[in-house]
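>>> next comes the sequence, and after it the predicted model I'd like to discuss.
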Amino acid sequence: MASANPQPARGIIRRSSSRAPDAERAVAELADQLGAAELNALVFFCAPTYDLDALGRAVQARFPCPAVGCTTAGEILSPLGYLDHSLVGVGFATPEISLATQFIPSLADFADAPDEAWE
């Protein structure tokens, strides 16, 4: 299936989506649309139907910037509205916005961890 918005996004805050069913293709479309090489940070949301291991590897390979994401029950992207079985992303192309990532293997353990464990 073709991407929802095939034109490259521009500006310092960029948003785009892909409805490609294959994780690697969806990430490739998102990277092309957002201008991955120009980004300082990426936030993405994806359907849980994707192969999440493949999606994670593809994000790591295609986006040189820090990236954070999660699965959703449905993805929302203006002006398209509610999407299902898709990948949506917001890229930040400015040095004024950056991300510092921290892997949290268990949310239950995270809630009980002392504050200094996350510094």
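Yes, it's here. Note that the coordinates shown come from a computational prediction; the quantities given were computed from them, not determined experimentally. Residues are numbered from 1 along each chain as shown.
>>> contacts only, for the residue nearest the centre of the chain.
Residue closest to the average C-alpha location in the chain (CA atoms, centre = their mean): residue 44, at 2.1 Å. Taking CB atoms under 8 Å, 6 or more residues apart in numbering, we find residue 44 in contact with 30, 59, 67, 68, 69, 87, 88, 89, 90. In short, each C-beta sits where N, CA and C put it, glycine included.
>>> measure the third one to residue 108 for me?
From residue 67 over to residue 108 the distance is 24 Å, taken as CB to CB, to the nearest Å.
>>> same question, the fifth one
Distance check for residue 69 against residue 108: by CB to CB, it reads 20 Å.
>>> so between the two, which is more surrounded?
Legend: neighbour count by other CB atoms under 10 Å for residue 69 and residue 108, higher for residue 69 (17 against 8).
>>> next, the buried residues of the helix or strand where the more buried one lies.
Using DSSP states H and E, residue 69 maps to strand 67-71. Counting neighbours by 16 or more other CB atoms under 10 Å, one finds that the buried residues in strand 67-71 are 67, 69.
>>> with stretch 10-29 instead?
Neighbour-count burial for stretch 10-29 flags 14-20, 23-24, 26-29 (criterion: 16+ other CB under 10 Å).
>>> pull up the distance across it, start to finish.
15 Å (CA to CA, to the nearest Å).
>>> what's the answer for stretch 38-58, then?
End-to-end for stretch 38-58, by CA to CA: 17 Å.
>>> stretch 33-47 now?
Span of stretch 33-47 from end to end, CA to CA: 19 Å.
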